[in-house]
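Enquirer: Everything below, folded, please.
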Amino acid sequence: FPKTVLSMAGITPPDLMQGRVFMGQKKETEPPLIHLYRDRQSGRYDFSRAVTDGRYYLIRNFMPHRPRGQKPEHGYTVHQNWNAWSDWYDQNHKTADPVHARFFKPKPVLEFYDLESDPWQINNLAEEPSHQARITSMDKALCNWMVETRDTSLIPEPMWYDFVGEKMPFKTIYEYAQSDEFPVGKILDSAKSASRGDAALLPDYLKMLTDSNPLIRHWGAFGIFQVHQNTPPIQVALRKMIANDAHSANRTMAAQALALCGDPDTAFTFLMKEINTEKDEFKRLLALNALEYGR
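Expert: Sure thing, here's the model as predicted:
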């Protein structure tokens, strides 16, 4: 819309401006794919990316543990239907129809829908053999777009101001994301791997905890959280991260994982300290979010 308005006003849109002029004398051709996103829902963090060609719709959920129906303050104080739906689920979750209940349950890592036959996106076809070639192609396009745009949601929001500021090498998160400090392809691969929560990848997740890049360490801790195996080596690695990592978001993610890996007391103690002493509201918010998923 902004690009179209500028064009219609006789102003040439900047080369960096994303989007398409969709009406007027300089109307541009429709793209073959449209990209969509979901990030923070008010006070609840999330991270999903999607792409559609108009008929088929692919969604990649990087935080599948977070349900679609999280409990952001805005939703439950402004929209009374959210409260009614939540109350219904609390009372009927054991017998609720799976379609109705999925709003409150973890998401699959990949969702794929045929919007022509299934406009309400009920039947997830991500595992259907007949669609695998199309899914692979659309997922490649989605990931290429994330790399091309240097998607900053691969950087946990509470870490942004660890990297940017008036006295920092980068003044904005955009500048940081355009730099070599942000190896976007490598970070994306780490995030995709972590979102799978595959027990077979635990050695990879543990290795990621010691990476020199703090973003990869974060996604490594998230991968361990997804698997949540209770073994002494995992506990030792997570406690070490809690004690030594320079970034609050990484310490919080390690604590969230540790809570499910056999040491909830250490995790809770750290999270409460972070909530009560951290001055950065985004870091406090991540720790508060972690309390909900570390049990």
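
Enquirer: ok, now which ones touch Gln25?
Expert: Shown in contact with Gln25 (C-beta atoms under 8 Å, 6 or more residues apart in numbering): no residues. Every C-beta, even on glycine, is put in place using the N, C-alpha and C of the backbone.

Enquirer: Which pLDDT value does the model give it?
Expert: On pLDDT, Gln25 comes in at 90.

Enquirer: Please name the residues that touch the residue most central in space within the chain.
Expert: Nearest to the mean C-alpha position of the chain, counting by C-alpha atoms, centre = their mean, stands Phe47 at 2.2 Å. Applying C-beta under 8 Å, 6+ apart to Phe47 gives the contacts 38-39, 61-63, 153.

Enquirer: Check Asp245 too.
Expert: 214, 217, 251, 254.

Enquirer: now with 6 Å?
Expert: For Asp245, the residues meeting the contact criterion (C-beta atoms under 6 Å, 6 or more residues apart in numbering) are Arg251.

Enquirer: quick one on the thing from earlier: with adjacent residues omitted, what lies nearest to the residue nearest to the centre of the chain?
Expert: Closest residue to Phe47 apart from its sequence neighbours, by C-beta to C-beta, 6 or more residues apart in numbering: Phe62 at 4.2 Å.

Enquirer: Asp39 too?
Expert: Using C-beta to C-beta, 6+ apart, the nearest residue to Asp39 is Ser153, at 5.6 Å.

Enquirer: Hmm, the residue nearest to Phe47 is touching Ser195, no?
Expert: Yes. With contact defined as C-beta atoms under 6 Å, Phe62 reaches Ser195; the gap is 4.8 Å.

Enquirer: Where does pLDDT dip in the protein?
Expert: 72-76, 294-295 (pLDDT under 70).

Enquirer: how about 90 then?
Expert: 15-19, 30-31, 40-45, 67-90, 93-101, 103-104, 167, 292-295 (pLDDT under 90).

Enquirer: helices and strands around the top helix by length along the chain, which ones?
Expert: Longest helix of the chain, by residue count under DSSP state H: helix 132-148. Applying 3 or more C-beta pairs under 6 Å, 6 or more residues apart in numbering; DSSP states H and E, we find helix 132-148 packed against strand 48-52, helix 184-196.

Enquirer: 10 Å instead?
Expert: strand 34-38, strand 48-52, strand 56-61, strand 110-114, helix 184-196 (3 or more C-beta pairs under 10 Å, 6 or more residues apart in numbering; DSSP states H and E).

Enquirer: which of those sits most buried?
Expert: The highest mean neighbour count among the helices and strands packed on helix 132-148, using mean count of other C-beta atoms under 10 Å, belongs to strand 56-61: a mean of 22.

Enquirer: coming back round to it: contacting residues around the longest helix of the chain?
Expert: Contact with helix 132-148 is made by 32-33, 35-37, 49-53, 56-60, 110, 112, 114, 125-128, 131, 151-154, 184-185, 187-189, 191-192, as judged by C-beta atoms under 10 Å, 6 or more residues apart in numbering.

Enquirer: Could I get the buried residue list for it?
Expert: Neighbour-count burial for helix 132-148 flags 134-135, 138-139, 141-143, 146 (criterion: 16 or more other C-beta atoms under 10 Å).

Enquirer: got the angle for it vs strand 48-52?
Expert: Interaxial angle, helix 132-148 versus strand 48-52 (axes from the mean of the first three to the mean of the last three C-alpha atoms, to 10 degrees): 120 degrees.

Enquirer: Can you get me the centre-to-centre distance for helix 132-148 and its chain?
Expert: 17 Å (C-alpha atoms, centre = their mean, to the nearest Å).

Enquirer: How about stretch 59-76?
Expert: On C-alpha atoms, centre = their mean, the centre of stretch 59-76 falls 10 Å from that of its chain.

Enquirer: what's the answer for stretch 128-146, then?
Expert: The answer for stretch 128-146 is 19 Å, by C-alpha atoms, centre = their mean.

Enquirer: Same question for stretch 166-179.
Expert: Worked out by C-alpha atoms, centre = their mean, stretch 166-179 lies 21 Å from the chain centre.

Enquirer: Report the buried residues of that stretch.
Expert: Neighbour-count burial for stretch 166-179 [16+ other C-beta under 10 Å]: 170, 173, 176-177.

Enquirer: Right, I'll call it a day here.
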